[in-house]
Structure formats: structure tokens, C-alpha cells
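J.: Predicted model and sequence below, questions to follow.
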Amino acid sequence: MYISVHLRFEEDMVAFSCCLYDGGETENLEMDSIREKGWGEKFKRKAHVSVPGLNRINGKCPMTPLEVGMVLRGMGFANNTPIYLASGKLYHAERNLDPLLQMFPLLQTKESLSLPEELASFEGYSSRLAALDYMVCLFSEVFVTTQGGNFPHFLMGHRRYLYNGHAKTIKPDKSQLALLLQDTSISWKAFKDQMEAMLAESDRKGIMVPRVKKSNRKTSIFKNPIPECRCLWESKNLTLKRDHTLRMPGHL
């Protein structure tokens, strides 16, 4: 058993979010430089208003590796739980990844599981590297998503389709988490109780099947392929069973 975590804490993601972390003025200058390099004057226009504190309360800030570790430990995952981390190059990886490694020493990435020569043909191609992460996440016992986007939505839908709806996904409530982390007086027991309740709510939402008319579907069919794609799943299983029967001794 292993769990996979999709972590969006690359420097461009941190810069685009306009959220503040613990890097002080040095981080601010660094993020300004990245924003200017990647998006020109977009973030300097008069119409653009950045309110980092509001972004965090609204759940728009990328989760740090430390926050991910605290959430998982609070939800009951022991430090001997194997974790696969799906991510690009993390912002200040050595400094930020260390707390998560201390909480989960069995953490692995595509770089730690592969030889340099095995990854050579993938280097420089972000889509190919993301595809490697995707395939490992697809077959994990649990998938943890920390940010929206096409990658987690397609993956959640693919897992639901592959396992006929029985695919465990954890999606932390980042708005609630922001409030809890601001409370410096909260005890570990109280935090753990909140995380267990958040896990139960995530599980409840994960098994819900949208009851919508096909002509008026409001949810993404990529994220929620059931019930519309159930016929495809059933057809696939019937085909597999038939092929297995034909290969059994005594059958032509």
C-alpha cells in the first residue's frame, strides 16, 4: 500500500498565487522577480489587488510540504506510510521538503525511484514528467490532491472509472485548515480531531454520485465519469470475463 500526494509548490505556482510564506523580504523580492519574468506587468496593473491573507482564508494558497505532513499525520497516517510525491521542482526544495521527509521517511519521488539514465528522455518535457507522476498516482491506494487543475481532476475521474467509483481521494479543506493553523494555542489532540473530521467529510463527498440529467450536467464528466460512463466500465469487465473464459482449458 502507498498513498500519492499531488503537491503544487513549485516557484511559479507560489509566485502566481501571491500568497505569503515565511521567507520575509527576500521571498517577496524573489517572487516579484519571478512574476515579472513570467507574466510581465500583469501583477503591477492598478486594477490588480493582491490580498495574501484573504487568498489564504479562501483556500487559494498552495499547501506547503509541512502543511501536507501535518494534515496526513493528523488524519492518522503513521510515519511508516509509503508516500509517492507527484510534483515539479519544489520552491526551495531542500528547505521546504525536509519537514515532510522527517514525518514520512519512506517518501519517494520519480527522481528517487529512477536512475538518471531512465529519466534522461523525459527531462525538459514537463508533460512527459507529469505523465510519469500520473501513472504512479493512478494505482495508489489513496490519492491526495492539494490544488485544483486538470491533473487532479482527470486523475480523480480516471480512478473513479477504473475502480467503479471506489477510489479513495483526500481533498483537504484549505479554508478550514488556514484557520486552524492560525490558532497558535490549538493542541495537537484538537488539531487531530479536526483533521479526522475533515477526512470523514472528504470521504463522504468522494463516494457521492452526482444525480444530474445528461443534458444538464454541471459537474465535470472528467472528474465524475459515473454514472454516464458506467456502461463503459461494465462493458470492459464483460469483455475481460469473456476473454478469460475463452482461454480456460476446455473452451474453444
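T.: Noted; the coordinates are in hand. Numbers count the residues shown, from 1 in each chain.
J.: how about stretch 95-110: buried residues?
T.: Of the residues in stretch 95-110, those with enough neighbours to count as buried (16 or more other CB atoms under 10 Å) are Asn96, Leu97, Pro99, Leu100, Met103, Phe104, Leu107, Gln108, Thr109, Lys110. Where C-beta positions appear, they are placed from N, C-alpha and C, glycine not excepted.
J.: Which residue ranges of the stretch 51-200 of the chain form strands?
T.: Counting by DSSP state E, counting those that start in this stretch, residue ranges of the strands within the stretch 51-200 of the chain are 83-86, 107-108, 142-145, 168-170.
J.: Can you give me the separation between the most centrally placed residue in the chain and Thr184?
T.: Closest residue to the average C-alpha location of the chain: Thr145 at 2.3 Å, with CA atoms, centre = their mean. Plainly put, Thr145 is 27 Å away from Thr184 if you go by CB to CB, to the nearest Å.
J.: quick one on the thing from earlier: identify the residue nearest the residue nearest to the centre of the chain in space, chain neighbours excluded?
T.: The spatially closest residue to Thr145, leaving aside those adjacent along the chain, is Pro152, at 3.9 Å (CB to CB, 6 or more residues apart in numbering).
J.: Tell me, how many residues neighbour that neighbour?
T.: Counted with other CB atoms under 10 Å, the burial measure for Pro152 works out to 22 neighbours.
J.: So it is in contact with His6, correct?
T.: Yes: Pro152 lies in contact with His6 (CB atoms under 8 Å); the separation is 5.4 Å.
J.: what sits in contact with each of the two?
T.: Both Pro152 and His6 are in contact with Phe143, Thr145, where contact means CB atoms under 8 Å, 6 or more residues apart in numbering.
J.: Need the strands of the stretch 51-200 of the chain in a markdown table (columns: mean pLDDT).
T.: Rendered in a markdown table, the data for those read as follows (pLDDT from 0 to 100):
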| stretch | mean pLDDT |
| --- | --- |
| strand 83-86 | 97 |
| strand 107-108 | 96 |
| strand 142-145 | 95 |
| strand 168-170 | 92 |
